[in-house]
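> Below are the sequence and a predicted model; questions follow.
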Amino acid sequence: TKIIFFFCVINLTLHIIADFNSGFQGDELLHIETGNHPAFGYMEFPPVIGWLAFTQNLFHSDSVFVNHIFCHIASTIILILAASTTIALGGKSRAVFFTLLCLSVMPARAYQLFQPVVFSQLFWLLSFYQLVRFVKTLDNKYLLSLSISLAFGFLTKFDILFFIAGLVSLLFFDRTRKA
């Protein structure tokens, strides 16, 4: 847990430093503006980014940090989920360290921008974590959690349909088909 905490602090520090030394990217402005017009879907993208923008807009701030706060939270949760998934798959502290190191050295811009990408990755990883927990325990509560995370993933970005298509392949195995 010390390793996870260390990488989360480093991650947040790097994002805050980047926020104070950068501005908005063009697509971010579109997503931020959707918060002024909340809906259950938009022509260009699913509704979650608009809901998050609506919440951010309640602060009435043009600050880059405020408009990236949900991205920072999502990137921290991604680190925690990656470490938890590594542990659930039997990885020890060394495996957790290298997993978090790889996530930390990737370009931070992918997790910094207020775009659906970071939230899509969050729900992909959350869904995979729930799948690992289900396969290891065959406890149906993980199926419910998996279904909820897939639903929110679909409301975030439609690419989660590829994950769902991969899940269908589990029906070919007796153990998971019976469950």
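Okay, I see it.
> mind showing which ranges of this structure have poor pLDDT?
Along the chain, segments meeting pLDDT under 70 span 107-110, 176, 179.
> can you map out the helices along it?
Counting by DSSP state H, the chain has helices at residues 2-20, 26-34, 48-57, 64-67, 69-88, 93-105, 109-112, 116-137, 140-156, 160-168, 174-178.
> CSV please, covering the ones you listed and showing distance to F40 and mean neighbour count.
Quick note: C-beta positions are derived from backbone N, CA and C, even for glycine. Listed next are these as CSV, based on distance: least, Cβ to Cβ, whole Å; neighbours: other Cβ atoms under 10 Å:
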stretch, distance to F40, mean neighbour count
helix 2-20, 30, 15
helix 26-34, 12, 16
helix 48-57, 9, 20
helix 64-67, 22, 17
helix 69-88, 19, 19
helix 93-105, 32, 15
helix 109-112, 26, 17
helix 116-137, 15, 20
helix 140-156, 9, 17
helix 160-168, 17, 13
helix 174-178, 33, 10
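> Include distance to Y42 when you put those into CSV, please.
Formatted as CSV, the helices of the chain follow (distance: least, Cβ to Cβ, whole Å):
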stretch, distance to Y42
helix 2-20, 26
helix 26-34, 6
helix 48-57, 6
helix 64-67, 18
helix 69-88, 17
helix 93-105, 30
helix 109-112, 22
helix 116-137, 11
helix 140-156, 11
helix 160-168, 17
helix 174-178, 36
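> contacting residues around the residue nearest to the spatial centre of the chain?
Nearest residue to the geometric centre of the chain (Cα atoms, centre = their mean): L122, 1.4 Å. For L122, the contact set (Cβ atoms under 8 Å, 6 or more residues apart in numbering) comprises A74, I77, I78, L81, T156.
> what's the closest of those to S104?
Of all those, S104 sits closest to I78, with 10.9 Å by Cβ to Cβ.
> That closest one contacts F128, doesn't it?
No - counting by Cβ atoms under 8 Å, I78 stays clear of F128, with 11.3 Å between them.
> got any residues that touch both of the two?
With Cβ under 8 Å, 6+ apart, I78 and F128 have no common neighbours.
> residues contacting the closest residue in space to A88 that isn't next to it in sequence?
Distances taken as Cβ to Cβ, 6 or more residues apart in numbering put V132 closest to A88, at 5.0 Å, once the chain neighbours are dropped. The contact partners of V132, by Cβ under 8 Å, 6+ apart, come to T85, A88, L89.
> Can you tell me which of those is nearest G23?
Closest to G23, out of all of those and judged by Cβ to Cβ, is T85, at 33.9 Å.
> Check the gap between that closest one and L126 for me.
9 Å (Cβ to Cβ, to the nearest Å).
> And I69, by the same measure?
19 Å.
> ditto for D174
Counting by Cβ to Cβ - D174 and L126 are separated by 27 Å.
> and what of I3?
As judged by Cβ to Cβ, I3 and L126 stand 20 Å apart.
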